[in-house]
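Asks: Predicted model and sequence below, questions to follow.
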Amino acid sequence: MQQKADHNQARERYMELVKRLTPKSKLGQGCLRAFWVGGGICMLGQAIADAGHRWLGLASADASAFASITLIFLTALLTGIGVFDKIARYAGAGTVVPITGFANAMVSPAMEFKPEGWVLGTGARLFTIAGPVLVYGISASVIVGILYYFIRW
(Lines give C-alpha, C1' and ligand atoms only; values in the text may rest on other atoms or scores of the structure.)
Protein backbone atom coordinates (compact mmCIF):
# COMPACT_ATOMS: atom_id res chain seq x y z
CA MET A 1 0.00 0.00 0.00
CA GLN A 2 2.84 2.35 0.93
CA GLN A 3 4.53 1.62 -2.39
CA LYS A 4 1.42 2.72 -4.32
CA ALA A 5 1.19 5.94 -2.29
CA ASP A 6 4.89 6.68 -2.96
CA HIS A 7 4.34 6.02 -6.65
CA ASN A 8 1.35 8.40 -6.78
CA GLN A 9 3.27 11.08 -4.89
CA ALA A 10 6.24 10.78 -7.25
CA ARG A 11 3.88 10.98 -10.22
CA GLU A 12 2.28 14.16 -8.84
CA ARG A 13 5.71 15.75 -8.28
CA TYR A 14 6.69 14.83 -11.82
CA MET A 15 3.50 16.31 -13.29
CA GLU A 16 4.08 19.55 -11.33
CA LEU A 17 7.64 19.71 -12.67
CA VAL A 18 6.46 19.16 -16.25
CA LYS A 19 3.78 21.84 -15.87
CA ARG A 20 6.30 24.31 -14.46
CA LEU A 21 9.01 23.69 -17.07
CA THR A 22 6.87 23.33 -20.19
CA PRO A 23 6.95 26.58 -22.17
CA LYS A 24 3.62 28.32 -22.56
CA SER A 25 2.13 28.04 -26.04
CA LYS A 26 1.49 31.28 -27.87
CA LEU A 27 -1.30 29.87 -30.03
CA GLY A 28 -2.65 33.19 -31.31
CA GLN A 29 0.79 34.47 -32.25
CA GLY A 30 1.65 31.15 -33.92
CA CYS A 31 -1.56 31.18 -35.96
CA LEU A 32 -0.95 34.74 -37.14
CA ARG A 33 2.63 33.97 -38.14
CA ALA A 34 1.58 30.81 -39.98
CA PHE A 35 -1.21 32.71 -41.73
CA TRP A 36 0.86 35.62 -43.00
CA VAL A 37 3.96 33.60 -43.95
CA GLY A 38 1.92 30.84 -45.62
CA GLY A 39 -0.17 33.49 -47.36
CA GLY A 40 3.00 35.28 -48.45
CA ILE A 41 4.37 32.07 -49.95
CA CYS A 42 1.11 31.54 -51.81
CA MET A 43 1.14 35.16 -53.03
CA LEU A 44 4.70 34.68 -54.27
CA GLY A 45 3.59 31.55 -56.13
CA GLN A 46 0.71 33.42 -57.72
CA ALA A 47 3.03 36.28 -58.70
CA ILE A 48 5.43 33.81 -60.32
CA ALA A 49 2.54 32.16 -62.20
CA ASP A 50 1.24 35.55 -63.36
CA ALA A 51 4.74 36.58 -64.48
CA GLY A 52 5.15 33.32 -66.39
CA HIS A 53 1.81 33.83 -68.06
CA ARG A 54 2.28 37.52 -68.88
CA TRP A 55 6.00 37.87 -69.61
CA LEU A 56 6.97 34.40 -70.76
CA GLY A 57 3.77 33.78 -72.67
CA LEU A 58 3.05 30.50 -70.89
CA ALA A 59 -0.42 28.96 -70.92
CA SER A 60 -2.22 29.03 -67.57
CA ALA A 61 -1.44 25.39 -66.72
CA ASP A 62 2.20 25.81 -67.75
CA ALA A 63 2.51 29.01 -65.71
CA SER A 64 1.18 27.15 -62.65
CA ALA A 65 3.72 24.37 -63.17
CA PHE A 66 6.43 27.01 -63.59
CA ALA A 67 5.42 28.58 -60.26
CA SER A 68 5.48 25.21 -58.49
CA ILE A 69 8.91 24.36 -59.89
CA THR A 70 10.26 27.79 -58.96
CA LEU A 71 8.92 27.56 -55.39
CA ILE A 72 10.41 24.09 -54.99
CA PHE A 73 13.78 25.33 -56.29
CA LEU A 74 13.76 28.39 -54.02
CA THR A 75 12.84 26.29 -50.97
CA ALA A 76 15.54 23.73 -51.73
CA LEU A 77 18.08 26.54 -52.14
CA LEU A 78 17.02 28.30 -48.94
CA THR A 79 17.05 24.98 -47.05
CA GLY A 80 20.52 24.22 -48.37
CA ILE A 81 21.95 27.53 -47.13
CA GLY A 82 20.12 27.29 -43.78
CA VAL A 83 17.63 30.14 -44.26
CA PHE A 84 14.41 28.15 -44.67
CA ASP A 85 14.79 26.48 -41.26
CA LYS A 86 14.81 29.93 -39.64
CA ILE A 87 11.69 30.91 -41.55
CA ALA A 88 10.04 27.62 -40.55
CA ARG A 89 10.91 28.13 -36.88
CA TYR A 90 9.29 31.56 -37.04
CA ALA A 91 6.20 30.62 -39.09
CA GLY A 92 5.56 27.05 -37.98
CA ALA A 93 2.87 25.39 -40.08
CA GLY A 94 2.80 28.37 -42.45
CA THR A 95 5.76 26.88 -44.30
CA VAL A 96 4.50 23.29 -44.23
CA VAL A 97 1.15 23.65 -45.94
CA PRO A 98 2.28 25.10 -49.30
CA ILE A 99 4.44 23.10 -51.70
CA THR A 100 7.50 24.52 -49.96
CA GLY A 101 7.00 22.08 -47.08
CA PHE A 102 7.47 19.17 -49.47
CA ALA A 103 10.66 20.62 -50.88
CA ASN A 104 12.02 21.27 -47.39
CA ALA A 105 11.14 17.71 -46.35
CA MET A 106 13.18 16.38 -49.25
CA VAL A 107 16.27 18.55 -48.85
CA SER A 108 16.61 18.58 -45.03
CA PRO A 109 17.60 14.89 -44.62
CA ALA A 110 19.97 15.21 -47.57
CA MET A 111 21.73 18.18 -45.94
CA GLU A 112 21.97 16.30 -42.64
CA PHE A 113 23.97 13.49 -44.27
CA LYS A 114 26.09 15.71 -46.53
CA PRO A 115 29.35 14.79 -44.72
CA GLU A 116 28.89 11.17 -45.87
CA GLY A 117 29.40 12.25 -49.49
CA TRP A 118 27.32 13.13 -52.53
CA VAL A 119 26.20 9.59 -53.37
CA LEU A 120 25.88 7.76 -50.04
CA GLY A 121 24.99 10.85 -48.04
CA THR A 122 23.10 13.50 -49.95
CA GLY A 123 21.85 11.34 -52.82
CA ALA A 124 20.78 8.40 -50.67
CA ARG A 125 18.94 10.56 -48.14
CA LEU A 126 17.20 12.88 -50.61
CA PHE A 127 14.10 10.71 -50.80
CA THR A 128 13.91 9.32 -47.25
CA ILE A 129 10.84 11.37 -46.43
CA ALA A 130 9.51 12.04 -49.92
CA GLY A 131 10.05 8.45 -51.12
CA PRO A 132 7.10 6.90 -49.26
CA VAL A 133 4.90 9.84 -50.29
CA LEU A 134 5.81 9.28 -53.93
CA VAL A 135 5.41 5.49 -53.73
CA TYR A 136 1.98 5.62 -52.10
CA GLY A 137 0.84 8.55 -54.24
CA ILE A 138 1.80 6.80 -57.47
CA SER A 139 0.36 3.47 -56.28
CA ALA A 140 -2.93 5.10 -55.29
CA SER A 141 -3.18 6.89 -58.65
CA VAL A 142 -2.61 3.61 -60.52
CA ILE A 143 -5.28 1.82 -58.46
CA VAL A 144 -7.76 4.67 -58.91
CA GLY A 145 -6.99 4.72 -62.65
CA ILE A 146 -7.65 0.98 -62.96
CA LEU A 147 -10.88 1.25 -60.94
CA TYR A 148 -11.99 4.19 -63.06
CA TYR A 149 -11.29 2.22 -66.25
CA PHE A 150 -13.48 -0.68 -65.14
CA ILE A 151 -16.25 1.40 -63.52
CA ARG A 152 -16.52 3.64 -66.58
CA TRP A 153 -17.50 0.65 -68.75
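Replies: Yep, it's here. It should be emphasised that the depicted structure is a prediction, and the values quoted were computed from it without experimental measurement.

Asks: any low-confidence regions in this structure?
Replies: 1, 97-98, 113-114, 118-119, 121-127, 129-130, 153 (pLDDT under 70).

Asks: change it to 90
Replies: 1-28, 30, 72, 76, 79-80, 82, 85, 88, 92-141, 152-153 (pLDDT under 90).

Asks: Nearest the middle, which residue of it would you pick?
Replies: The chain has G101 as the residue nearest its centroid, 2.5 Å off, counting by Cα atoms, centre = their mean.

Asks: With adjacent residues omitted, what lies nearest to it?
Replies: T95 (6.0 Å; Cβ to Cβ, 6 or more residues apart in numbering). For the C-beta atoms, the positions are set from N, CA and C on the backbone; glycine is no exception.

Asks: how much space between that neighbour and V133?
Replies: Noted for T95: a distance of 17 Å to V133, by Cβ to Cβ, to the nearest Å.

Asks: Identify each buried residue in the strand or helix carrying C42, please.
Replies: C42 is part of helix 27-54, with elements assigned from DSSP states H and E. If you call a residue buried by 16 or more other Cβ atoms under 10 Å, then helix 27-54 has these buried ones: 33-34, 37-38, 41-42, 44-45, 48-49, 52-53.

Asks: ends of stretch 90-110, how far apart?
Replies: Distance across stretch 90-110, first residue to last, is 22 Å (Cα to Cα, to the nearest Å).

Asks: Can you list the buried residues in that stretch?
Replies: 91, 94-95, 98-110.

Asks: Based on its surroundings, how many neighbours for T70?
Replies: Other residues within reach of T70, judged by other Cβ atoms under 10 Å, total 16.

Asks: Skipping adjacent residues, who's closest to it in space?
Replies: Distances taken as Cβ to Cβ, 6+ apart place I48 nearest to T70, at 5.0 Å, with adjacent residues excluded.

Asks: Tell me which residues touch the one you found, please.
Replies: 66-67, 70-71 (Cβ atoms under 8 Å, 6 or more residues apart in numbering).
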